[in-house]
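# Would you be able to build a 3D model of this:
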Amino acid sequence: MEGENLEGKDLRYLSARVFHRLGSITAKQYTVAAVAITLIMILFAFKRYLFIVALLGMNIAISTFFRGLKRYNIGIEIVMFSAVMSGVVYGPVTGAVMGALSMVIDYVFATRLSFFSIVTIPSYAAVGYFSPLLLEPLGITKLGIIATVAYVAFTSLLIICFMGGHLSKSIRFGITNIVFNIIVFRTAAPLVLGIMQ
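Next comes the predicted model:
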């Protein structure tokens, strides 16, 4: 009986403290809390668009930041990541659009418009389109790595054999792009996929 009385006193004391605290909150604090809660609700409601905007923003940032490396044919870019993740989470059409748009962004912000874009842009669109079909049997890590290797092999073959591309430049781009995407799809992709879904 004495334990019940002690618990009752503790509960009354705790509720008095809570109501005292609530009474001391200012209108400014209520406003900040309301705005924060509203922003969180908006983020959850528009999560789909938030990730698409974030992927596009990351493409712009990486293309701009690594602009100097592009002239040396170093394949650090997140175009593949954007195409695969968008396709897997939002469907083939969104994946295709994001693949193509991400490659256009890469060309524009790296200031390197190229004749090879007639091969690379549709190829990334195809990766984005077909990614959702291959997720189930492969998983996101294998899917990203296989898509990268297939993209590099296919585009390099076309560019070297039919468009006058240089073998050494294609090899340098291909190796760095594959290594970079292996790292991205082994580390970031599973985590980001969990958040995006």
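# would you list every one of the strands in this structure?
With DSSP state E as the criterion, the chain has no strands.
# Now do the domain split for it, please.
For the chain, automatic domain parsing gives the domain ranges 1-45, 47-196.
# Now the terminal residues of the last one, how far apart.
To tie it back to what came earlier, the one meant is domain 47-196. 8 Å (C-alpha to C-alpha, to the nearest Å).
# That one - what's its average pLDDT?
Domain 47-196 shows an average pLDDT of 92 in the prediction.
# tell me what the lengthiest helix in the chain is packed against?
Longest helix of the chain, by residue count under DSSP state H: helix 167-196. Helix 167-196 is packed against helix 47-65, helix 79-90, helix 140-162, with contacts defined by 3 or more C-beta pairs under 8 Å, 6 or more residues apart in numbering; DSSP states H and E. C-beta here means a position set from N, CA and C on the backbone, and glycine is covered the same way.
# For that helix, buried residues please.
170, 173-174, 176-178, 180-181, 184-185, 189, 192-193, 196 (16 or more other C-beta atoms under 10 Å).
# Quick one: closest of the helices and strands packed on helix 167-196 to N73.
Checking the helices and strands packed on helix 167-196 against N73 by C-beta to C-beta gives helix 140-162 as the closest, at 11.0 Å.
# Other residues contacting that closest one?
Outside helix 140-162, the residues within contact range by C-beta atoms under 8 Å, 6 or more residues apart in numbering are 75, 80-81, 83-84, 88, 116, 119-120, 123-124, 127, 131, 134-135, 138, 165-167, 170-171, 173-174, 177-178, 181-182, 184-186, 189-190, 193.
# Keeping just the C-alphas, turn it into CSV.
Extracted as CSV, the C-alpha positions of helix 140-162 are listed here (Å, rounded to 0.1, in the frame of the first residue of the first chain):
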residue,chain,number,x,y,z
ILE,A,140,20.8,-3.7,-55.3
THR,A,141,24.6,-4.2,-54.9
LYS,A,142,25.0,-6.8,-57.7
LEU,A,143,22.5,-5.0,-59.9
GLY,A,144,24.5,-1.8,-59.7
ILE,A,145,27.8,-3.5,-60.3
ILE,A,146,26.5,-5.6,-63.2
ALA,A,147,24.8,-2.5,-64.7
THR,A,148,28.0,-0.5,-64.5
VAL,A,149,30.2,-3.3,-66.1
ALA,A,150,27.5,-3.8,-68.9
TYR,A,151,27.3,0.0,-69.5
VAL,A,152,31.1,0.4,-69.7
ALA,A,153,31.5,-2.6,-72.0
PHE,A,154,28.6,-1.6,-74.3
THR,A,155,29.4,2.1,-74.6
SER,A,156,33.1,1.6,-74.9
LEU,A,157,32.7,-1.0,-77.7
LEU,A,158,30.4,1.4,-79.7
ILE,A,159,32.5,4.4,-79.1
ILE,A,160,35.8,2.7,-80.0
CYS,A,161,34.6,0.7,-82.9
PHE,A,162,32.1,3.1,-84.6
